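Asker: Mind looking at a prediction? Sequence and model below.
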Amino acid sequence: MESRVIEPGPAARLSGDGPPERPWLASYPPGTPAEIDVAGLGTLVDLFEASIRDFADRPAVTCFGSDITYAAMGRSALALAGWLQANGVAKGDRVAIMLPNVPAYAAAIFGILRAGATVVNVNPLYTPRELAAQIQDSGAQVLIVLENFAHTVAKALPEIALRRVVLVGPGDGLGLKGRIVNLVSRRVRKAVPPYSLPAGLAIRLDDALRAGSRGAPRPVAVEPEDLAFLQYTGGTTGIAKAAMLSHRNIMANVEQAQVWFGSKDPSVRRCVVTALPLYHIFALTACFFQFMRSGGCCLLIPNPRDCDGFVKTLSQHRFTHLMGVNTLFNVLINHPKIGSVDFSALDFVVGGGTAVQRAVAERWKALTGNTIIEGYGLSETSPVVCANPRGLTAFSGTIGFPLPSTVVSIRGADGQPVPRGEPGELCVVGPQVMRGYWNRPDETARATTADGYFRTGDVAVMEADGQVRIVDRMKDMILVSGFNVYPNEVEDVLAGHPGVLECAVVGAPSDETGEMVVAHVVLKDPEVSTDVLRAHARTQLTGYKVPRAVMLHEALPKTNVGKVLRRVLRDDFPPPAPPQ
């Protein structure tokens, strides 16, 4: 099936006569250009080859206490590209990666791209049904998977047609230290090769690299408009679909972020804490490609849910940047040993993925002295659309300004722009916006305005100076007696109570008001009652926004990235009868 490609209409293009109004340009930091040179960006393969040449001896990734240099990463990537080509992978074919943040991820990404293929990122925690659906939809021919999850692949095999499966050990690429890591991992899992996969289908990564290194991979003419990633997302409808991200899309966003954030001193070696999984677009671009471009090092955290291990790792390294989501910041500031971590080298910290709560941001600033710079993006936008400037001294509560070469428009239900200060759907056009949804022209059409803007599904307000403030997801809005209630606002108030560790707000059916507000809360102080929390909310919220029910939990359901699953709370935790 042919996929419809998003083509911005005349009003959306950033060149030609009569460009759209862009009030944010007047507030740009000094020296920040309004546009980037999209035509001269090249491809991710160009980025890879330049980094290998310019930063050969620098560490590209650090994990389990050991480094992999750019030169070593380059050798592994080229060997993998050669092996893929020898096993029938041609330009435009899809190769899936099903890995957490382990050292082999870096070589896997660049090896696939160097072979001219397209990367399909897969959540390693997927069930066999979810894995099969993504492999079927993408048409991936080869799967690179952590050996720990080989049993998932085995159960999915009856539903999928794979040419080969490459098994990766968690320590692969780290030499002797890596072999020890692999041995310990296998003993803990009591796992023995071949991990229930058919003979001839599976090969260990080390064996694939040895075979691929026997000759150089064939040259492939990779072009900026070629597909680099099929990045799966639920998007605004909940339907699993893949955003088609070209080399140019990702390279444009890397360049946009570079001119926006830059570096105080290019000679300083940068190290970014990469706790968010690389299969998520935020970490993929903001941590991996952005720092590969400038010779930085990714400090990989394979399992950030192991909070004790995470904090211990941070205490052993001097890092300069950290990218996170609200839940990650909240976990760190509440960890009893966070005082062992040295934050003095931090240049800047970026928060995204979900709204950062003001209470969390203020506690982070008190702990580290560093202001969280909040940004905004989606899988469909490679991902960054807006960001606060790096010189921010106090948490703003906004997502900042559109990046260079980006135009945003706040649209009403009729598809027309609304006046500044009024809420509407955030729509965006720019070189980082995807080419469309893979094999889903109907979904692409639904997500595109008549004049070529991508519809994000987020409700936003543009302020007088061009800053954008996210109100909430359109699908999460609660309608109480005809009044709109946005969960983010209520969550922000509840999170400000000293007895609350974390919270999420959803809507539930109500015979009286159509819907009612329900708060799901994890307490820091077990002595705090639900009545106290409702009373706290009443001091800052008008009556219809105050939760009619407060439900207490030991933990909130989250994705592997750390986003709270409001859908699960709505569906699986019906509220008790509200108080009269």
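Answerer: All right, it came through fine.

Asker: packing partners for the helix or strand encompassing Gln134?
Answerer: Assigned by DSSP states H and E, Gln134 belongs to helix 128-138. Applying 3 or more C-beta pairs under 8 Å, 6 or more residues apart in numbering; DSSP states H and E, we find helix 128-138 packed against strand 94-98, strand 118-121, helix 150-156. Every residue, glycine included, has its C-beta placed from N, CA and C.

Asker: Repeat the analysis, applying 7 Å as the threshold.
Answerer: The contact analysis (3 or more C-beta pairs under 7 Å, 6 or more residues apart in numbering; DSSP states H and E) places helix 128-138 against strand 94-98, helix 150-156.

Asker: what's downstream of it, the next helix or strand?
Answerer: Following helix 128-138 in sequence, per DSSP H and E, is strand 142-146.

Asker: Average pLDDT for stretch 137-151, rounded please.
Answerer: The pLDDT scores in stretch 137-151 average 96.

Asker: For that stretch, buried residues please.
Answerer: 137-138, 140-150 (16 or more other C-beta atoms under 10 Å).

Asker: got the helices and strands packed on helix 128-138 as JSON lines, with distance to Ala71 columns?
Answerer: Shown next, in JSON lines, are the helices and strands packed on helix 128-138 (distance: least, C-beta to C-beta, whole Å):
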{"stretch": "strand 94-98", "distance to Ala71": "22"}
{"stretch": "helix 150-156", "distance to Ala71": "30"}
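
Asker: Of these, which is nearest Thr381?
Answerer: The closest of the helices and strands packed on helix 128-138 to Thr381 is strand 94-98. By C-beta to C-beta, the value is 21.1 Å.

Asker: quick one: the closest one to helix 128-138, angle?
Answerer: For strand 94-98 against helix 128-138, the angle by axes from the mean of the first three to the mean of the last three C-alpha atoms, to 10 degrees is 160 degrees.

Asker: ok, strand 94-98: who's next to it in the sheet?
Answerer: strand 118-121 (parallel), strand 142-146 (parallel) (DSSP bridges).

Asker: now these in CSV, with distance to Asp46?
Answerer: Listed next are those as CSV, based on distance: least, C-beta to C-beta, whole Å:
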stretch, distance to Asp46
strand 118-121, 16
strand 142-146, 23
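
Asker: Is Ala286 in a helix, a strand, or coil?
Answerer: Using DSSP: H, G, I helix; E, B strand; the rest coil, the secondary structure recorded for Ala286 is helix.

Asker: Could you do Ala508 as well?
Answerer: When the rule is three-state DSSP, Ala508 gets the label strand.

Asker: Tell me who's in contact with it.
Answerer: For Ala508, the contacting residues are Glu515, Met516, Val518, Pro574, Pro575, by C-beta atoms under 7 Å, 6 or more residues apart in numbering.

Asker: And for Asn560, the neighbour number?
Answerer: Neighbour count of Asn560, defined by other C-beta atoms under 10 Å: 17.

Asker: any idea how far it is from Phe48?
Answerer: Separation of Asn560 from Phe48 (C-beta to C-beta, to the nearest Å) stands at 26 Å.

Asker: now the helices for the stretch 51-200 of the chain?
Answerer: 70-86, 104-114, 128-138, 150-156, 175-189 (DSSP state H, counting those that start in this stretch).

Asker: deepest of those, which one?
Answerer: Across the helices of the stretch 51-200 of the chain, averaging neighbours per residue (mean count of other C-beta atoms under 10 Å) puts helix 104-114 on top, at a mean of 28.

Asker: quick revisit: list of residues touching the helix holding Gln134?
Answerer: 94, 96, 120, 122, 152-153, 155-156, 159-160, 162, 230, 232, 240, 242.

Asker: do that again at 10 Å, thanks
Answerer: 94-96, 98, 118-124, 126-127, 140-141, 143, 145, 149, 151-162, 230, 232, 240-242, 438-440 (C-beta atoms under 10 Å, 6 or more residues apart in numbering).

Asker: host element of the residue nearest to Leu328 when sequence neighbours are not counted?
Answerer: Distances taken as C-beta to C-beta, 6 or more residues apart in numbering put Gly562 closest to Leu328, at 5.5 Å, once the chain neighbours are dropped. Under the criterion DSSP H and E, no helix or strand holds Gly562.

Asker: Isn't Gly562 up against Asn326?
Answerer: Yes - assessed by C-beta atoms under 10 Å, Gly562 is found in contact with Asn326 at 7.5 Å.

Asker: what's around Ala228, how many residues?
Answerer: For Ala228, using other C-beta under 10 Å, the count is 26.

Asker: TSV for the contacts of Ala508, including pLDDT, distance to Gly351 and secondary structure?
Answerer: Shown next, in TSV, are the contacts of Ala508 (pLDDT from 0 to 100; distance: C-beta to C-beta, whole Å; DSSP: H, G, I helix; E, B strand; the rest coil):
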residue	pLDDT	distance to Gly351	secondary structure
Glu515	89	29	strand
Met516	94	30	strand
Val518	96	26	strand
Pro574	91	32	coil
Pro575	90	30	coil
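
Asker: As JSON lines, those with neighbour count would be great.
Answerer: Below are the contacts of Ala508 laid out as JSON lines (neighbours: other C-beta atoms under 10 Å):
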{"residue": "Glu515", "neighbour count": "18"}
{"residue": "Met516", "neighbour count": "23"}
{"residue": "Val518", "neighbour count": "26"}
{"residue": "Pro574", "neighbour count": "12"}
{"residue": "Pro575", "neighbour count": "21"}
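
Asker: Dump these to CSV, plus distance to Val433.
Answerer: Below are the contacts of Ala508 laid out as CSV (distance: C-beta to C-beta, whole Å):
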residue, distance to Val433
Glu515, 33
Met516, 37
Val518, 35
Pro574, 39
Pro575, 39
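
Asker: quick one: which of those is nearest Ala275?
Answerer: Val518 (30.1 Å).

Asker: Wait, the closest one touches His553, no?
Answerer: No - Val518 is beyond contact range of His553, at 12.0 Å (criterion: C-beta under 10 Å).

Asker: what's the overlap in contacts for these two?
Answerer: Common contact partners of Val518 and His553 (C-beta under 10 Å, 6+ apart): Ala504, Leu569, Phe573.

Asker: From those, list the buried ones, please.
Answerer: The neighbour-count test (16+ other C-beta under 10 Å) marks Ala504, Leu569 as buried among the shared contacts of Val518 and His553.

Asker: Tabulate the shared contacts of Val518 and His553 (a markdown table), appending secondary structure and distance to Gln290.
Answerer: Output for the shared contacts of Val518 and His553, formatted as a markdown table (DSSP: H, G, I helix; E, B strand; the rest coil; distance: C-beta to C-beta, whole Å):
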| residue | secondary structure | distance to Gln290 |
| --- | --- | --- |
| Ala504 | strand | 30 |
| Leu569 | helix | 33 |
| Phe573 | coil | 38 |
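
Asker: so where's the chain uncertain?
Answerer: Along the chain, segments meeting pLDDT under 70 span 1-19, 191-195, 234-239, 263-266, 577-580.

Asker: Bridged to the nearest residue to Ile410 once chain neighbours are set aside, which residues?
Answerer: Spatial nearest neighbour of Ile410, excluding adjacent residues (C-beta to C-beta, 6+ apart): Gly424 at 4.1 Å. Taking DSSP bridges, one finds Ala460 as the beta-bridge partners of Gly424.
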